[in-house]
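Visitor: Sequence isn't available, so here's the structure alone:
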């Protein structure tokens, strides 16, 4: 079983706790290790990196731990890796609210 952690109900990403390959199923768990859902990942994703748990339209804020960690630079499908190729930081820029 491959695992991913989602710590807030508002999060649209989960952090992988295991390395996972495209096509494999990740069990999305909360902090109490209760299963919330399952998702088939679309990319090879290393432990510690994020996957989208829902489709995320371009321009949408990315939420992890219930906090905004950036914005989607393009549409991200559920199960895709969320990283610097499709996520930009919104912190300290001064040009984004």
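Guide: Alright, I've got the coordinates. Quick caveat: nothing in here was measured; it's all calculated off a predicted structure.
Visitor: And the strands in this protein, which stretches?
Guide: According to DSSP state E, the chain carries its strands in the segments 2-5, 13-16, 25-29, 35-40, 50-52, 61-64, 67-72, 81-82, 87-88.
Visitor: now these in CSV, with mean neighbour count and mean pLDDT?
Guide: (Glycine included, C-beta is placed from N, CA and C.) Listed next are the strands of the chain as CSV, based on neighbours: other C-beta atoms under 10 Å; pLDDT from 0 to 100:
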stretch, mean neighbour count, mean pLDDT
strand 2-5, 20, 97
strand 13-16, 22, 98
strand 25-29, 18, 98
strand 35-40, 14, 97
strand 50-52, 24, 98
strand 61-64, 19, 96
strand 67-72, 16, 95
strand 81-82, 24, 97
strand 87-88, 16, 94
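Visitor: Nearest to the middle of this structure, which residue? Look it up for me.
Guide: residue 13 (2.4 Å; C-alpha atoms, centre = their mean).
Visitor: hey, what's that one bridged with?
Guide: Beta bridges link residue 13 to residue 52 when assigned by DSSP bridges.
Visitor: Please name the residues that touch it.
Guide: Contacts for residue 13 were tallied using C-beta atoms under 8 Å, 6 or more residues apart in numbering; they are 6, 50-53, 62-64, 82.
Visitor: Can you tell me which of the residues you listed is nearest residue 36?
Guide: Distance to residue 36 across the contacts of residue 13 (C-beta to C-beta) is lowest for residue 6, with 6.2 Å.
Visitor: Run a quick neighbour tally on that closest one.
Guide: Residues within reach of residue 6, counting by other C-beta atoms under 10 Å, total 23.
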